[in-house]
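K.L.:
sequence unavailable; structure follows:
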């Protein structure tokens, strides 16, 4: 009976690829916090779900390490709200309710006792998480892989995990365009 489990363990090494040496997953973690806090009643459960999201993304992208960027509730967001424009900055988001544990979770997952050794976590008060992700994309270059549900981050010239295609892609030249119909028909 034990030999069966030893054989399974030996084949697991063949099934799962090793992480790419030096690869850093750059994560816009705000969406992970939304998901984890929206599906949890207790902070400890939300923390665990957030950690699982990060580790899963690392596994999918074969990353050795990860940096998770989060936007603090009091972030200045690089002063974007001070720019006069046609529509108030993020006005389309007003009235949307946030999960009750969201802000508490963002702070909790950045505390040392909740960070796993595989990744680091940064809570930003000056810039938004997506700004910090783009800064890190340029810092790490081809060793970094961007992971974000924010479509604006597709404009990185460096590797990006395309959630729709479920693969790491990299821009060639000016990029590409395609039509995509959402489930709602848009």
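P.N.:
That came through fine. From a predicted model like this one, the values you see are computed outputs, not experimental measurements.
K.L.:
tell me where this protein has strands.
P.N.:
Secondary structure of the chain (DSSP state E): strands located at 20-28, 63-71, 119-124, 144-147, 160-162, 167-169.
K.L.:
can you put these in JSON lines and add mean pLDDT and distance to residue 36?
P.N.:
For glycine as for every other residue, the C-beta is placed from the backbone atoms N, C-alpha and C. Below are these laid out as JSON lines (pLDDT from 0 to 100; distance: least, CB to CB, whole Å):
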{"stretch": "strand 20-28", "mean pLDDT": "96", "distance to residue 36": "13"}
{"stretch": "strand 63-71", "mean pLDDT": "96", "distance to residue 36": "12"}
{"stretch": "strand 119-124", "mean pLDDT": "94", "distance to residue 36": "13"}
{"stretch": "strand 144-147", "mean pLDDT": "96", "distance to residue 36": "15"}
{"stretch": "strand 160-162", "mean pLDDT": "94", "distance to residue 36": "19"}
{"stretch": "strand 167-169", "mean pLDDT": "93", "distance to residue 36": "24"}
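K.L.:
of the ones you listed, flag the one that's most buried.
P.N.:
strand 144-147 (a mean of 26; mean count of other CB atoms under 10 Å).
K.L.:
helices or strands up against that strand?
P.N.:
Applying 3 or more CB pairs under 8 Å, 6 or more residues apart in numbering; DSSP states H and E, one finds that strand 144-147 makes contact with strand 20-28, helix 43-61, helix 129-140, strand 160-162.
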